[in-house]
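1. Show me how the following folds:
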Amino acid sequence: MICVSTRGKAPAVSFREAVVAGLAPDGGLYVPRTLPRLSDAWWQRQRGRVFQDVAVAIAEEITGDEIDRGVLSSLIRDALNFPVPIVKLDDRLSVVELFHGPTFAFKDFGARTLARLMAHLNQGGDPLTVLVATSGDTGGAVAHAFFGVPSTRVVVLYPEGQVSEVQEAQFTTLGGNVTAIAVRGSFDDCQRLAKEAFSDRALSSRVRLTSANSISLGRLLPQSFYYAYAALQSNEPPMISVPSGNFGNLAAGVMAWKLGAPIATFSAPTTINDTVPRFLASGRVDPRPSVPTLANAMDVGNPSNLERLQWLFGGDVAAMRRLISSTAHSDDEVRRAIAELHHRFDYVADPHTAIAFLGTRHDQRRTLFLSTAHPAKFREVVEPVVKETVQLPAGLADTLMRPKVALHIDPHMAELAELL
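-> Numbering: from 1, shown residues only. Predicted coordinates for the structure are as follows:
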């Protein structure tokens, strides 16, 4: 696979190089120069296969001969060793549960695969610093995925006081090669700092940095696997509703669609941080400072993957509109959606899943919506609505018992550079 920058001012690189680099040197995001359009016959052969088999088959088509197929298969099967249940709610609606990995969030798919890719590709190389900005679940998934990986340290930037108690515990209690940094600001500040660090030549001459955010192509491509698998379980191409903040998850879905996965359209509902709904309406990118909401992992005012989406569509906004719809939803709507799911279907959902459910309103075809986090990670929101206790899985309960350790900085690049 040949990878290029969305900004077109950096040399083309191999998939291996793109994975290790994270961000392109011109500040753009790496994308595959071309994605193979797999035939209908190829997709038909995947029907009835288990998730891990589908994931390996797609990975082999994407990477070609860059990674030994035996190594690639073992790597993916080890990373994605958990189920992907699809729960049927009624004849039209089903929910794809993506929270059955070790940190109980969909970020486990990309983070665990990326960690194993990095370990394989960087054997004998200089030590790596994985710098990641998180608005919630990414930090825990990346920290756990890279915890204990030789010659690697993880630095997690997160907005102080703006992630849930469980989310914070998942990346501040590990220690070892994981360092948590609470930034006195918003997620947008954290993401800006990470991008500035990757672009800082003086810093990169002293510290070998790489990314595990959704700006990393190596983290994004594995997320395309569950779109393909879920679509294959349907008798007709479904609409898929994707709760969207930084829009990396949606970009992964679009890549699956470009590969030929039988997907009809996407819904990309957001919180009131509505940069993408406004972009689709006007054709203009007009980022605004993010506003905290109940669905904190989606509180992004300047979503970096909008640039990747624009590249995937060749800048054709009309083409994007034909495939993607996007609506913005308030906290009150989220609470009502949690209540409706519980009342109608006896299904307990976290705020992000509730927004995915809200994104199914405008389409009457066969519809899948993504459940991206275990509701126990947001007990403080969910329990008052459903009026019952949400039991903590043992892994989360153990995490909450450990002491939290974090460094604190203002949102200034000089402070981050000194710390790194």
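
2. now for the helix or strand of the chain with the lowest mean pLDDT, which elements pack on it?
-> The helix or strand of the chain with the lowest confidence, counting by mean pLDDT, DSSP states H and E, is strand 209-211 at a mean of 84. Secondary-structure packing of strand 209-211 (3 or more CB pairs under 8 Å, 6 or more residues apart in numbering; DSSP states H and E): strand 128-133, helix 187-199. C-beta: built from backbone N, CA, C; applies to glycine.

3. could you check the angle strand 128-133 makes with the last one?
-> Between the direction of helix 187-199 and that of strand 128-133, the angle (axes from the mean of the first three to the mean of the last three CA atoms, to 10 degrees) works out to 150 degrees.

4. which other residues reach helix 187-199?
-> The contact list for helix 187-199 (CB atoms under 8 Å, 6 or more residues apart in numbering) reads 22-23, 27, 131-135, 157-159, 162, 183, 203-204, 209, 211, 213, 215, 246, 289-290, 299-302, 304, 411, 413, 416-417, 420.

5. Only the buried members of these: can you turn that into a PyMOL selection?
-> Per 16 or more other CB atoms under 10 Å, the buried members of the contacts of helix 187-199 correspond to this PyMOL selection:
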select buried, resi 22+23+27+131+132+133+134+135+157+158+159+162+183+203+209+211+213+215+246+290+299+300+301+302+304+411+416+417+420
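
6. Okay, and which of the contacts of helix 187-199 map to helices?
-> Among the contacts of helix 187-199, the members found in helices (DSSP state H) are L203, S204, M413, L416, A417.

7. Please name the nearest non-neighbouring residue to the last one.
-> In space, A417 comes closest to L203 once its chain neighbours are excluded; the distance is 5.1 Å by CB to CB, 6 or more residues apart in numbering.

8. same deal with D53?
-> Once flanking residues are discounted, D53 sits nearest to Q46: 7.8 Å by CB to CB, 6+ apart.

9. so which helix or strand takes in A339?
-> helix 331-345 (DSSP states H and E).

10. Which of the residues in that helix are classified as buried?
-> Quick answer for helix 331-345 (16+ other CB under 10 Å): E333, V334, R335, A337, I338, E340, L341, H342, F345.

11. if I look at the closest residue to S325 other than its chain neighbours, how far off is A228?
-> Closest residue to S325 apart from its sequence neighbours, by CB to CB, 6+ apart: S267 at 5.3 Å. Distance of S267 to A228, given as CB to CB, to the nearest Å: 18 Å.

12. Who does the residue nearest to S325 form a beta bridge with?
-> Beta-bridge partners for S267, by DSSP bridges, are S241, S325.

13. Outside of stretch 121-128 itself, list whatever touches it.
-> R16, V19, V20, M118, S151, T152, R153, R208, L209, T210.

14. rerun at 10 Å
-> Surrounding stretch 121-128, the residues in contact under the criterion CB atoms under 10 Å, 6 or more residues apart in numbering are 15-17, 19-20, 22, 66-67, 118-119, 146, 149-154, 177, 207-210, 218.

15. what about burial for the residues you listed, which qualify?
-> By neighbour count, with 16+ other CB under 10 Å, the contacts of stretch 121-128 hold 15-16, 19-20, 22, 67, 118-119, 146, 149, 152-154, 177, 207, 209-210, 218 as buried.

16. Which of these fall in strands?
-> T152, R153, V154, L209, T210 (DSSP state E).

17. for those, which one is nearest W42?
-> T210 (32.3 Å; CB to CB).

18. close enough to count as contact, that closest one and V149?
-> No. Using CB atoms under 10 Å, T210 makes no contact with V149, being 12.0 Å away.

19. what's the overlap in contacts for these two?
-> With CB under 10 Å, 6+ apart, T210 and V149 have common neighbours M118, N122, L128, V130.

20. Report the buried residues of stretch 280-298.
-> Under the neighbour-count criterion of 16+ other CB under 10 Å, stretch 280-298 has L280, P287, S290, P292, T293, L294, A295, N296, A297, M298 buried.

21. Just name the most buried of the helices and strands packed on strand 209-211.
-> Neighbour counts (mean count of other CB atoms under 10 Å) averaged over each of the helices and strands packed on strand 209-211 peak at strand 128-133, with a mean of 25.

22. what about that strand, distance to the chain center?
-> 15 Å (CA atoms, centre = their mean, to the nearest Å).

23. likewise stretch 319-335?
-> Relative to the centre of its chain, stretch 319-335 is centred 17 Å away, using CA atoms, centre = their mean.

24. for stretch 296-312, same thing?
-> For stretch 296-312, the distance to the chain centre is 11 Å (CA atoms, centre = their mean).

25. avg pLDDT for that stretch?
-> The average pLDDT within stretch 296-312 is 92.

26. Endpoints of it, how far apart?
-> With CA to CA, to the nearest Å applied, stretch 296-312 spans 27 Å between its terminal residues.
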